[in-house]
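[1] Here's my sequence, what's the structure:
(one chain, ligands or ions: 2)
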Amino acid sequence: MSDSCLFCRIVRGEIPARIVREDDHTVAFRDIDPKAPTHVLVIPRVHVASLGEARDAELVGRVMLAAAQIAESEGLTEGGYRTVINTGADAGQTVHHLHVHLLGGRKLNWPPG
Ligand code: AMP
Ligand code: ZN
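    Ligands and ions are numbered 1, 2, ... in the order given. Now for the predicted structure:
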């Protein structure tokens, strides 16, 4: 846990968030600035700065499978959805706590910008 990390503060309940799913290892909440009708962030409860810092394969898998479960509960399975992990400056990572973006509910362009 990091005192100053925004997403650690959401995990601790110090900052409000629209939580959509929680389990012992992950928390998922709606992005504050959604880029699609469904835009959920899935994070590990423990502080991991980025995918590049991740060492726990099971935890990364749990985060990804939580995203797939939310996609199902959000009704995205049939139409499809995208999962994105931005890592580092060139990818535009702004919050340095590992998070998977789950995006869906509209046609998504490829490649991303
Ligand atoms: P990234 O640019 O990949 O690091 O993504 C960070 C995401 O966190 C952005 O999509 C932001 O809109 C989102 N975000 C920032 N602050 C909050 C917050 N307090 N609650 C929910 N989402 C947030
Ligand atoms: Zn953190």
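
[2] The longest helix anywhere in the chain and ligand 1 in contact?
    Longest helix of the chain, by residue count under DSSP state H: helix 57-73. No - using CB under 6 Å from any ligand atom, helix 57-73 never reaches ligand 1; the gap is at least 13.6 Å. Every C-beta, even on glycine, is put in place using the N, C-alpha and C of the backbone.

[3] what's in contact with stretch 33-44?
    Contacting residues not belonging to stretch 33-44 are listed as 7, 10-11, 20-21, 25-31, 59, 62-64, 66-67, 70-71, 74, 76, 81, 97-106, 108 [CB atoms under 8 Å, 6 or more residues apart in numbering].

[4] Try it again at 7 Å.
    7, 20, 25-31, 59, 63, 66-67, 70, 74, 76, 97-106, 108 (CB atoms under 7 Å, 6 or more residues apart in numbering).

[5] Of those residues, which belong to helices?
    Those of those lying in helices (DSSP H): 7, 59, 63, 66-67, 70.

[6] picking that back up, and for the longest helix of the chain, what are the contacting residues?
    Counting by CB under 7 Å, 6+ apart, 20-21, 23, 25-26, 28, 40, 42, 44, 54, 77, 81, 83, 100, 102, 104 sit against helix 57-73.

[7] circling back to that earlier point, pick the one among the ones in helices among the contacts of stretch 33-44 closest to Gly113.
    Ala67 (21.3 Å; CB to CB).
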